[in-house]
Each structure stands twice: as structure tokens, then as C-alpha cells.
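1. Any chance you can model this:
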Amino acid sequence: MTREFTVTLPNGSIIKIAANNMDEAKQKSFEYMHKHYPTSIQEQMLYQAMDFHRLVRDLDLKNLDREGLKGKPTIFMVNASFGLEIYLKLAVRISNNIHKRGHDLNKIFDALPTKSKEEIENIVRSIIQKQKITNHQNTTAKSIVEKTKTAFKDWRYRYENNKLLDFHCDELIILLYAMHHYCKKYVKLPTEQESQ
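-> Have a look, this model is predicted:
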């Protein structure tokens, strides 16, 4: 006789499973979890990068100037640069199958093979052209990484350094979207795999 079991998944989610017994309910919950939650390190990295990306995308970008923002530039720069760092580390893992450590975006980007860098540069150019971003016609992924290479470290402890920091909002958004497209091309998430 089929009953309904309440199962708590390792990530804390609670689901209801119809099964004949508890063993069958456990088996179905493992199948559900594998189907709907990331299992590989690459899937986990992509989800985490997307979370940071979503956070900065949802900030009120119209009001992200330096005047009277009560910390919004810090929130943007820390989360955007950390999301970018995870996307870049994922790209390195995808192309070289190695785990790159550290927060210097330039060193992480340089660990990518030439073919991957070229593909990312093409995506950046495509975004700039499609969005008609005229003030960034000469912007490249490499130039953005150069400008923001230590943004995470610099901005998260902004109160410790007594200097005016560069704020590269537009460029970071462009590269976040480019890296998102690049990584999604190579890492298929469980919900996307079932729809193919």
C-alpha cells in the first residue's frame, strides 16, 4: 500500500514522497535529489556563481554611484568580483580540469588555455554589440580582468585602505554575463538535462 513519506534532503529541503515503505522512500528521495540538485563540483560552482551574479543583477544599478549609497558600491563590487572569480575558476576547471586557488582574477584568467580565452573574448564582443554599449567598444575580457583583478580583496576591506577605489560596474556586468554564457555552455544543470 502506497503511503506518503516526508523526507529531509541533505540540503535541508523537505519533500513528500509516495512509496510503499521507508526504504523505497529513501531510494526515491536520492533519485529526486540527483535529478534536481547539483551533484558535481562543476554544477555546484555554477550555481554558486549564478547566486552572486543574481544578487548584483538585482541591486538597484541606477543608483550605484559613489554619492550617498551607504555601502552599495561595496556590496556590488565584493559580490560581483567574487561571482566572477567563481565563474573564472569554473572555466579553468572545465578547460584544464584543475582547481585554481586565490582571488587574483588576472592569475585565474591567465590559467585558461588560449582557445577558452578567445571564446570568452568573442562572447564579450557579442554582448557589447548586441546591447549597443557604445562606450565599451574596445573593452575586452582581459582588460576587465586587469582592472578588477584584486577588487574582491580591495573592496571587502575597503575601510582598511584609505584610498578611493576604482568602480567598474559596467565592465563587471559585461564579463559576468559573458562568463555565465561560457560556463552554461559546458556545464548542464540537472533541470536542463531532463528538458533536452
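
2. okay, and the helix or strand of the protein with the least pLDDT?
-> Using mean pLDDT, DSSP states H and E, helix 190-194 stands out as the lowest-scoring helix or strand of the chain, at a mean of 55.

3. Okay, and residue 166 sits in which element?
-> Using DSSP states H and E, residue 166 falls within no helix or strand.

4. same check, this time on residue 17
-> strand 14-19.

5. for the protein, what spans make up the strands?
-> 3-8, 14-19 (DSSP state E).

6. Quick one: list the elements packing against the last one.
-> Yep, that's strand 14-19 we're talking about. strand 3-8, helix 22-36 (3 or more CB pairs under 8 Å, 6 or more residues apart in numbering; DSSP states H and E). All C-beta spots, glycine's among them, are computed from the backbone N, C-alpha and C.

7. partners of it, with directions?
-> strand 3-8 (antiparallel) (DSSP bridges).

8. okay, the angle between the partner strand and helix 22-36?
-> Interaxial angle, strand 3-8 versus helix 22-36 (axes from the mean of the first three to the mean of the last three CA atoms, to 10 degrees): 50 degrees.

9. Domain ranges for the protein, per the record?
-> 3-36, 41-188 (automatic domain parsing).

10. Give me whichever of those is most buried.
-> Neighbour counts (mean count of other CB atoms under 10 Å) averaged over each of the domains of the chain peak at domain 41-188, with a mean of 17.

11. For that one, what is the spacing between the initial and final residues?
-> This stretch, domain 41-188, spans 12 Å end to end (CA to CA, to the nearest Å).

12. looking at the domains of the chain, which has the lowest confidence?
-> If the domains of the chain are sorted by mean pLDDT, domain 3-36 sits at the bottom with a mean of 79.

13. now that domain: how far from the chain's centre is it?
-> Relative to its chain's centre, domain 3-36 lies at 29 Å (CA atoms, centre = their mean, to the nearest Å).

14. Which residue comes closest to residue 178 once chain neighbours are left out?
-> residue 123 (4.2 Å; CB to CB, 6 or more residues apart in numbering).

15. for this structure, which helix is longest?
-> As assigned by DSSP state H, the longest helix anywhere in the chain is helix 72-96.

16. residues contacting residue 98?
-> Applying CB atoms under 8 Å, 6 or more residues apart in numbering to residue 98 gives the contacts 92, 111.

17. Now residue 7: closest residue in space that isn't a chain neighbour?
-> residue 29 (4.3 Å).

18. isn't the one you found right up against residue 17?
-> Yes: using CB atoms under 8 Å, residue 29 is in contact with residue 17, at 5.6 Å.
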